[in-house]
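>>> Output the structure for:
(2 chains)
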2 protein chains.
Amino acid sequence: MEYPQSFEELVECFKLLPGIGGKGAERMTYHILEMDSEQAQRFSQAILNIKKKIKYCKKCGHICENDLCDICQDSHRDHSTICVVENPKDVFAMEKLKEFQGVYHVLHGTMSIMDGKTIEDLNIQTLFDRLDDNIKEVIIATNPTREGETTALFLAKLLAKKNIPASRIANGLPIGSNLDYADELTLLKSLEGRKKI
Amino acid sequence: MEYPQSFEELVECFKLLPGIGGKGAERMTYHILEMDSEQAQRFSQAILNIKKKIKYCKKCGHICENDLCDICQDSHRDHSTICVVENPKDVFAMEKLKEFQGVYHVLHGTMSIMDGKTIEDLNIQTLFDRLDDNIKEVIIATNPTREGETTALFLAKLLAKKNIPASRIANGLPIGSNLDYADELTLLKSLEGRKKI
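The predicted structure is shown next:
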């Protein structure tokens, strides 16, 4: 026996979401079915709205509802220090710190052989358009993954050519972790990056 | 820093779904944001459609797009044997077996002290409307949980009053399980329900 067509269609839509398999999609579809109509309408509209209203900041590529994001518009921030991240969610992660006072640049991905993505597929031209003599530092904060590291290395070379001071966020043991559970590469990076105390 | 309003709204909607927390809802919202517009439109429409098109079968309460579900309309099925289940998903679970040839009745829940649900909150009146002299057996297949068992007992009493033959699906060890991992109640039920070999 098959699900009714409209039921199956919503199951298929939920299955497109990350981490949602067949069973999970069915559970969610039942949940929508049992929701009151007003709530379902709100959900449906929210999906349309996000596609309609969310834009990417023309300067840094972060998500926003205007031409420029709140951070790029904020004159109290240090516009001479740019932190380069992979995705908008990394901006939110950094902002939770309340430590970094500079601005951001969102690459929207990494170079990846697997996905056939080169440096040109990233939001990188707008970054170089921003680089003038006023820039004091570019902090490369791509993820410490194979793709993130490759992108960071490539970016560092491009920045060096333009004599822009660049830095890379530190690798090492996360706070609260154990030496004997750490992978070898992390431990090696932790040793290489040791500081005098 | 906060998410843009339309982003936050969709995150809140996803958080209403079962098993989805804050992080998961954010991931899904990013996914929708990166989807092509056509796909997002399809998703949004699928939510509206399911609320508009899915009805409950007037006879058995199963989900369908017409007045009666496919099973109730099927003259090849044994309409004298009714399997009573809690939810439409239980019908699909039973149908996967391809063993049961009777028809169903969906209660849409169970009696539950916690949720303040009594027998009257269930789809039970239509069940008794179906019970005539032609009914040979009612199989009570509510879940073997506290609420399911209570509902089954209650239902069995009501059926006994009307002299309708009723049965309850068996409890015991699931196939492939281990005795030493089984809970005491399951083991007890398994022992009580032993059969001659």
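>>> need the contact list for A:Ser190.
By CB atoms under 8 Å, 6 or more residues apart in numbering or on different chains, A:Ser190 lies in contact with A:Asn171, A:Gly172, A:Leu173, A:Ala182. Every C-beta, even on glycine, is put in place using the N, C-alpha and C of the backbone.
>>> in which helix or strand would I find it?
According to DSSP states H and E, A:Ser190 maps onto helix A:184-192.
>>> Mind listing what's buried along that helix?
A:Thr186, A:Lys189, A:Ser190 (16 or more other CB atoms under 10 Å in any protein chain shown).
>>> go on, stretch A:61-72?
Going by neighbour count (16+ other CB under 10 Å), the buried part of stretch A:61-72 is A:Gly61, A:His62, A:Ile63, A:Cys64, A:Cys69, A:Asp70, A:Ile71, A:Cys72.
>>> Can you name every helix or strand that the biggest strand by length in chain A contacts?
Across chain A, the longest stretch assigned as strand under DSSP state E is strand A:78-85. Other helices and strands packing on strand A:78-85, by 3 or more CB pairs under 8 Å, 6 or more residues apart in numbering or on different chains; DSSP states H and E, are helix A:88-97, strand A:102-106, helix A:125-130, strand A:137-140.
>>> Make JSON lines from the ones you listed and add mean pLDDT, mean neighbour count and distance to chain B to it.
Shown next, in JSON lines, are these (pLDDT from 0 to 100; neighbours: other CB atoms under 10 Å in any protein chain shown; distance: least, CB to the nearest CB, whole Å):
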{"stretch": "helix A:88-97", "mean pLDDT": "90", "mean neighbour count": "16", "distance to chain B": "4"}
{"stretch": "strand A:102-106", "mean pLDDT": "96", "mean neighbour count": "23", "distance to chain B": "10"}
{"stretch": "helix A:125-130", "mean pLDDT": "94", "mean neighbour count": "14", "distance to chain B": "18"}
{"stretch": "strand A:137-140", "mean pLDDT": "95", "mean neighbour count": "20", "distance to chain B": "17"}
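>>> For chain A, name the helix or strand with the lowest mean pLDDT.
Every helix and strand in chain A was compared by mean pLDDT, DSSP states H and E; the lowest is helix A:184-192, with a mean of 86.
>>> mind listing the strands for chain A?
Under DSSP E, chain A gives strands at A:55-56, A:63-64, A:78-85, A:102-106, A:137-140, A:166-168.
>>> What confidence value was assigned to A:Glu2?
Per-residue confidence (pLDDT) for A:Glu2: 82.
>>> show me the contacts for A:Ile32.
Contacts of A:Ile32 by CB under 8 Å, 6+ apart are A:Leu10, A:Ala40, A:Phe43, B:Leu17, B:Ile47, B:Ile50, B:Lys51.
>>> Which of the residues you listed fall in helices?
Secondary structure assignment by DSSP state H places A:Leu10, A:Ala40, A:Phe43, B:Ile47, B:Ile50, B:Lys51 of the contacts of A:Ile32 in helices.
>>> count of residues packed around the fifth one?
Burial measure for B:Ile50: 26 neighbouring residues, criterion other CB atoms under 10 Å in any protein chain shown.
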